[in-house]
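> My questions concern the predicted model and sequence given below.
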Amino acid sequence: MLTDRQLFILQAIIDNYIQSAEPIGSRSISKSDGMSYSPATIRNEMADLEELGFLEKPHSSSGRIPSEKGYRHYVDHLLLPHRLSKKEIQNVRSLFAEKILEAEQVVKQSATILSDLTSYASIVLGPEVFESKLKHVQIIPLNAQAAVAILVTDTGYVENHTVTLPESLNSSDLEKIANILNDRLEGVPLYKLQEKIYKEVAGLLKQHINSFHDAFRFTEETLQKSKQEKVFYGGKTNLLSQPEFKDIEKVKMIFEILEQDHAVHELLKPEQDGLVIRIGQENNYEAFEDCSIISATYSFDGKPVGTIGIVGPTRMEYPRVIGLIQHLSKGLSDALTNLYTSGN
């Protein structure tokens, strides 16, 4: 168990590192507000905190930075409540003050305003991602080059989109593909459709359609659009302004994951209602080992229907981001409830 002095010094180091992004030395931390310990005392305590795994030393001659263990202890035990500024509260209120016509509209705007306020990347999983399952697929040929795919979910959502039609597929093939999809994918959540194409559909396409490769690509395109529209992003490029992400290869890996809806769902999957904070390797993706993700569920009529989250470096402004996410998730829940109960 850490002593009160160690806790105080650890908190000061993390607060300073979050602001500076530079390794912290004992002399600089001794000048922090409220710090009454000498540089020598702080230096000894920093050595003990490093030995206990709460701090790391990037280079032998440098100061210390928080480890994942240090951040976790900070988040679980040392965070102080953050009071949002009047401007931040006004910005959030302005989002919900507008007349809202569709759930997607307010969800998209929530992603944008959250990234603007935090300067990190935001991700919002729309209600359809969690709630909707595929009920029926219909494929109607338009001409020799295109067909329209009609997807109906169990919540009554209907989506139409045009799909490029390969020359090798005829109307009989389209009917077989639709039958296979309805037989194998009815009741599957939208965010799992891509995964199920490989596991449940590919073998049947190969068995019943002569032009298997064209049929497989056509099937992917038929089902692709519905899931892509239900994950909303804000400020992805904000990550590029963080010093932790100057390595282009590292950023490329992160962006590649963010392009995969299934992976994004795994990143934001709520293990519990309310606030969830995942730090570094807790995110289960190597690309995100230098990232923290803070997320919170939002609800409709008291039932969780989606998740709003922020992706940033482990050196994140935890108190402020947590305050903003909690405020925004409540506003989003109220807005959705008002939208569907008022009949707007």
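Cool, the structure landed. Numbers count the residues shown, from 1 in each chain.

> Quote the end-to-end distance of stretch 67-87.
The separation between the terminal residues of stretch 67-87, taken as Cα to Cα, to the nearest Å, is 33 Å.

> Quick one: residues in contact with that stretch.
2, 7, 10-11, 13-14, 49, 53-56, 66, 92, 277, 279-282, 292, 314, 318-320, 322-324, 327 (Cβ atoms under 8 Å, 6 or more residues apart in numbering). (Glycine included, C-beta is placed from N, CA and C.)

> Which of these fall within strands?
Leu55, Glu56, Pro66, Ile277, Ile279, Ser292 (DSSP state E).

> between these, which is closest to Ala111?
Ser292 (17.8 Å; Cβ to Cβ).

> which residues touch that closest one?
Tyr71, Ile277, Arg278, Ile279, Gly280, Val311, Gly312, Pro313, Thr314, Met316, Tyr318.

> Per-residue pLDDT of the residue nearest the centre of the chain, please?
Nearest to the mean C-alpha position of the chain, counting by Cα atoms, centre = their mean, stands Ile123 at 4.2 Å. Looking at Ile123, its pLDDT reads 93.

> Specify the local secondary structure of the nearest residue to it once chain neighbours are set aside.
Of all residues not flanking Ile123 in the chain, Gly309 sits nearest, at 4.9 Å (Cβ to Cβ, 6 or more residues apart in numbering). When classified by DSSP: H, G, I helix; E, B strand; the rest coil, Gly309 comes out as strand.

> close enough to count as contact, Gly309 and Tyr120?
No: at 9.8 Å, Gly309 does not count as touching Tyr120 under the criterion of Cβ atoms under 8 Å.

> and whichever strand or helix holds Asn16, what other elements does it pack with?
Asn16 is part of helix 4-20 when elements are defined by DSSP states H and E. Here helix 4-20 touches helix 26-30, helix 39-51, strand 65-66, helix 68-73, going by 3 or more Cβ pairs under 8 Å, 6 or more residues apart in numbering; DSSP states H and E.

> CA atoms only for the last one - export them in PDB, please.
Once side chains and other backbone atoms are set aside, the C-alpha atoms of helix 68-73 remain, and they are given as PDB (Å, rounded to 0.1, in the frame of the first residue of the first chain):
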ATOM      1  CA  GLU A  68      -0.100   1.800 -17.100                       C
ATOM      2  CA  LYS A  69      -0.200   0.700 -13.400                       C
ATOM      3  CA  GLY A  70       0.300   4.300 -12.400                       C
ATOM      4  CA  TYR A  71      -2.500   5.500 -14.600                       C
ATOM      5  CA  ARG A  72      -4.800   2.800 -13.400                       C
ATOM      6  CA  HIS A  73      -4.200   3.700  -9.800                       C
END
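
> Report the mean confidence score over it.
Mean predicted lDDT for helix 68-73 stands at 97.

> what does the second one give?
Mean per-residue pLDDT for helix 39-51: 96.

> Just the buried positions in it, please.
For helix 39-51, the neighbour count (16 or more other Cβ atoms under 10 Å) marks Pro39, Ile42, Arg43, Glu45, Met46, Leu49 as buried.

> elements contacting it?
Right, helix 39-51 is packed against helix 4-20, helix 26-30, strand 55-56 by 3+ Cβ pairs under 8 Å, 6+ apart.

> give me that answer again for 6 Å
helix 4-20, helix 26-30 (3 or more Cβ pairs under 6 Å, 6 or more residues apart in numbering; DSSP states H and E).

> Out of the contacts of stretch 67-87, which end up buried?
Counted by 16+ other Cβ under 10 Å, the contacts of stretch 67-87 give 2, 7, 10-11, 13-14, 49, 54-56, 66, 92, 277, 279-280, 282, 292, 314, 318-320, 322-324, 327 as buried.

> Can you show me the helices along the protein?
In the chain, the helices defined using DSSP state H lie at 4-20, 26-30, 39-51, 68-73, 86-97, 103-118, 127-131, 171-185, 193-196, 202-208, 212-228, 248-258, 261-268, 318-342.

> To Asn160, which of those lies closest?
Here helix 212-228 is closest among the helices of the chain (Cβ to Cβ), at 9.6 Å.

> Perfect, that will be all.
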